[in-house]
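Engineer: just need the structure, nothing else, for what follows:
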Amino acid sequence: MAGNETSVDSQTGGLSGRSSLAGNATDKALNLLEAASAPGHPHRLGEIAAAAGVPKASAHRIVQNLVTTGFLASHGAGGYGPGPRIRALAARITQGCGEDQVMRAELEVLGRRIGHTVHIGVRTGDVVTLLIKVAGTNPVQDSSRVGMQLPLHTTAIGKCVLADLDDTQLTALVERLGLEPRTEHSLTDPAELRAELAKVREQGFALDDEENEPGVRCLAVPVRDVKGSVIGAVNVSTVTFLETREALLSQVDAARTTAEALHGLLG
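Structural biologist: Numbers count the residues shown, from 1 in each chain. You can find the predicted model right below:
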C-alpha cells in the first residue's frame, strides 16, 4: 500500500488541496473538520481551507465555530487539530463496534493465511482512507497506516471504487481531480485508466503495480455495501523484491473470500 498520502504529502510538504469546491454549509464544515484532523496536525488555516476546497474567509468563520463547539482545537499561532468532541466521537464509534471487530478478525485470518500485510480501505470523498491494517510477517513493510488517505487512481483499492462508477461519474471525477502521478508507473492518461478499470470489472480485482509507492505492489478485491455498490476493498500489500507479481495474483481467491465476508458491514 502506498505511503504517499493525499492528506499530508511528503513530496509537497503539506496538505494536498481538493480541486473540488465544497458544497453547502454542512459539506464545508465536514470537509474542514476532516482537513484539520488529517495526520500531521496542527494545520494552519490556509492549509485547511485549501484541502477542504473552502474559501479562506468562510473557512475562518466555520473553523472558529468548530473550535467553540469543541470539534476542533486551536493550538496557537494559527494551528488547528481535532478537538475533544471529535476525539470522543471517534472513540465511541471504534470501541466495542461489532462491525470493526468482525472486519479485523477477517483480516487477521487472511493475514495469517497469506503472510502479507492486509488492509481494508474505503472511499471517503475523493480519496481512499485506510480503516484497518494487519501487518504481515515480512521484516520489510510498506509505510501505510490506519487513517492514511490515498489517491483513487493510483491504488488498487481506489481502482476497485472507480471501476464501479458509471461513465458520467468517472469523467466528472477525473476532470475535477486530474490524474497526478505518484510514481513513474502511475496511470495519468484517462484512456489508459478507463482500459485498466475495464479489466478490473472483468477480473473482479485490481492491481497497483508500483503505481503509488516504488517497490510496493498491491492487489485489492472490492467490498460492497448492502445495496451492492462498491465502497472500498480488501487490499493485500507486498514488497516487489520479496514477492513476484505472479505470487501476488495467486492470492486473489483468498482476498475475495475475505471481501465477501465483509459484504454489507460498512453500510
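Engineer: with adjacent residues omitted, what lies nearest to residue 42?
Structural biologist: Leaving aside its sequence neighbours, residue 42 sits nearest to residue 79 (CB to CB, 6 or more residues apart in numbering; 3.1 Å). C-beta coordinates here come from the backbone N, C-alpha and C atoms, glycine included.
Engineer: what is the burial count for the one you found?
Structural biologist: Residue 79 is flanked by 16 other residues according to other CB atoms under 10 Å.
Engineer: list the contacts of it.
Structural biologist: Going by CB atoms under 8 Å, 6 or more residues apart in numbering, residue 79 touches 41-44.
Engineer: one more: residue 82?
Structural biologist: Neighbour list for residue 82: 36-37, 41, 71-73, 90 [criterion: CB under 8 Å, 6+ apart].
Engineer: again, only using 6 Å
Structural biologist: Shown in contact with residue 82 (CB atoms under 6 Å, 6 or more residues apart in numbering): residue 37.
Engineer: for it, grab phi and psi.
Structural biologist: Main-chain torsions, residue 82, degrees, to the nearest 10: phi -60, psi 140.
Engineer: who does it bridge with?
Structural biologist: With DSSP bridges as the criterion, residue 82 is bridged to residue 72.
Engineer: renumber starting at 321 from here on
Structural biologist: Renumbered: residue one is now 321, and that last one reads residue 402.
Engineer: quick check: the gap between it and residue 354.
Structural biologist: Using CB to CB, to the nearest Å, residue 402 is found at 10 Å from residue 354.
Engineer: tell me the domain boundaries of this protein?
Structural biologist: Domain segmentation of the chain under automatic domain parsing yields 345-411, 417-581.
Engineer: could the ones you listed go into a markdown table alongside mean pLDDT?
Structural biologist: Formatted as a markdown table, the domains of the chain follow (pLDDT from 0 to 100):
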| stretch | mean pLDDT |
| --- | --- |
| domain 345-411 | 90 |
| domain 417-581 | 92 |
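Engineer: rebuild those domains as a markdown table, extending it with distance to residue 587.
Structural biologist: Output for these, formatted as a markdown table (distance: least, CB to CB, whole Å):
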| stretch | distance to residue 587 |
| --- | --- |
| domain 345-411 | 17 |
| domain 417-581 | 4 |
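Engineer: the helices in the stretch 421-570 of the chain, which residues?
Structural biologist: For the stretch 421-570 of the chain, helices defined by DSSP state H, counting those that start in this stretch occupy the ranges 476-483, 487-497, 510-523, 565-569.
Engineer: out of those helices, nearest to residue 432?
Structural biologist: helix 565-569 (17.0 Å; CB to CB).
Engineer: and residue 483, what does it touch?
Structural biologist: Neighbours of residue 483 in contact, by CB under 6 Å, 6+ apart: 517, 520-521.
Engineer: what about the residue lying closest to residue 520 once chain neighbours are set aside, distance to residue 375?
Structural biologist: In space, and not counting its chain neighbours, residue 520 is closest to residue 483: 4.0 Å by CB to CB, 6+ apart. Distance, residue 483 to residue 375, by CB to CB: 34 Å.
Engineer: give me the residues contacting stretch 543-557.
Structural biologist: Residues outside stretch 543-557 that contact it (CB under 6 Å, 6+ apart) are 321, 436-442, 462, 476-477, 480-481, 484, 538-542, 571, 575, 578-579, 582-584, 586-587.
Engineer: whichever of these end up buried, select them in ChimeraX.
Structural biologist: If you want just the buried ones from the contacts of stretch 543-557 in ChimeraX, going by 16 or more other CB atoms under 10 Å, the selection is:
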select :321,436,437,438,439,440,441,442,462,476,477,480,481,484,538,539,540,541,542,571,575,578,579,582,586
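Engineer: list the ones among the contacts of stretch 543-557 that fall in strands.
Structural biologist: Counting by DSSP state E, the contacts of stretch 543-557 place 437-442, 538-542 in strands.
Engineer: reformat those as JSON lines; add distance to residue 420.
Structural biologist: As requested, these are exported to JSON lines (distance: CB to CB, whole Å):
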{"residue": "437", "distance to residue 420": "18"}
{"residue": "438", "distance to residue 420": "15"}
{"residue": "439", "distance to residue 420": "14"}
{"residue": "440", "distance to residue 420": "10"}
{"residue": "441", "distance to residue 420": "14"}
{"residue": "442", "distance to residue 420": "12"}
{"residue": "538", "distance to residue 420": "22"}
{"residue": "539", "distance to residue 420": "23"}
{"residue": "540", "distance to residue 420": "19"}
{"residue": "541", "distance to residue 420": "19"}
{"residue": "542", "distance to residue 420": "19"}
